[in-house]
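*Asks:* Whatever this is, show me its structure:
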Amino acid sequence: MGTLIRSGARWLSALKILDAFAQSTLRILLTWILVPYEFGIYGSALLFIGFIQAITQTGIIQALIYNKSPGSYLNTAWTIEILRGLIIYLLIYILPLSILILCRLSLVKRLLRQ
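*Replies:* Got it, this is the predicted structure:
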C-alpha cells in the first residue's frame, strides 16, 4: 500500500510540474505576441473562468477516488460533471454581460465567447 501511495504521489507531482511548465511557457509566448492591453484582457478572462470553475466544484471526482468500489456511482458522476460543464458554459456566456457593464471591458466578452 505504501509503494502505491508513493507512486501516485510521484505521478501527481510530475503532472503538476508539467502543468506549471506548460502554463508558464504559454504565458511567455503570449507576452511576446500580445500587447500589454490585450494581455490584460486575456488575464481578466482567465480570472473570470477560474472563478467560475472554483465556485462550481462538486467534489464528485474526489469522492470516487475515495470510494473503494465506485462502479455503481460512475454514471451519476458523469452526469453531474456534464451538467457542471453546461452550467459553466452558461455562466461564462451570460455573466460577462453584467460584469462588462461594471468593468466596461467589451473585449473580454469577445474573448470569452470565441
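
*Asks:* which residues does the closest residue to Y73 other than its chain neighbours contact?
*Replies:* Once flanking residues are discounted, Y73 sits nearest to L64: 6.3 Å by CB to CB, 6 or more residues apart in numbering. In short, each C-beta sits where N, CA and C put it, glycine included. Contact analysis of L64 by CB atoms under 8 Å, 6 or more residues apart in numbering lists P70, Y73, L74, A77.

*Asks:* could you give me the average pLDDT of the strand or helix carrying L64?
*Replies:* Assigned by DSSP states H and E, L64 belongs to helix 60-66. Averaging pLDDT along helix 60-66 gives 79.

*Asks:* Run the chain-centre distance for that helix.
*Replies:* 18 Å (CA atoms, centre = their mean, to the nearest Å).

*Asks:* list the helices and strands the following helix or strand past that helix packs on?
*Replies:* Once the chain leaves helix 60-66, the next helix or strand it forms, by DSSP H and E, is helix 74-103. Secondary-structure packing of helix 74-103 (3 or more CB pairs under 8 Å, 6 or more residues apart in numbering; DSSP states H and E): helix 36-55, helix 60-66, helix 106-112.

*Asks:* possible to save the ones you listed as TSV with distance to I87?
*Replies:* As requested, the helices and strands packed on helix 74-103 are exported to TSV (distance: least, CB to CB, whole Å):
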stretch	distance to I87
helix 36-55	9
helix 60-66	13
helix 106-112	15
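
*Asks:* Point out the most buried one among these.
*Replies:* helix 106-112 (a mean of 16; mean count of other CB atoms under 10 Å).

*Asks:* Report the separation between I60 and L12.
*Replies:* 18 Å (CB to CB, to the nearest Å).

*Asks:* Hey, what's the angle from the longest helix seen in the chain to helix 36-55? Just curious.
*Replies:* Among the segments of the chain that qualify as a helix by DSSP state H, the longest is helix 2-33. When axes from the mean of the first three to the mean of the last three CA atoms, to 10 degrees is applied, the directions of helix 2-33 and helix 36-55 differ by 150 degrees.

*Asks:* Show me the protein divided up by domain.
*Replies:* Annotated domains of the chain cover 1-33, 35-114 [automatic domain parsing].
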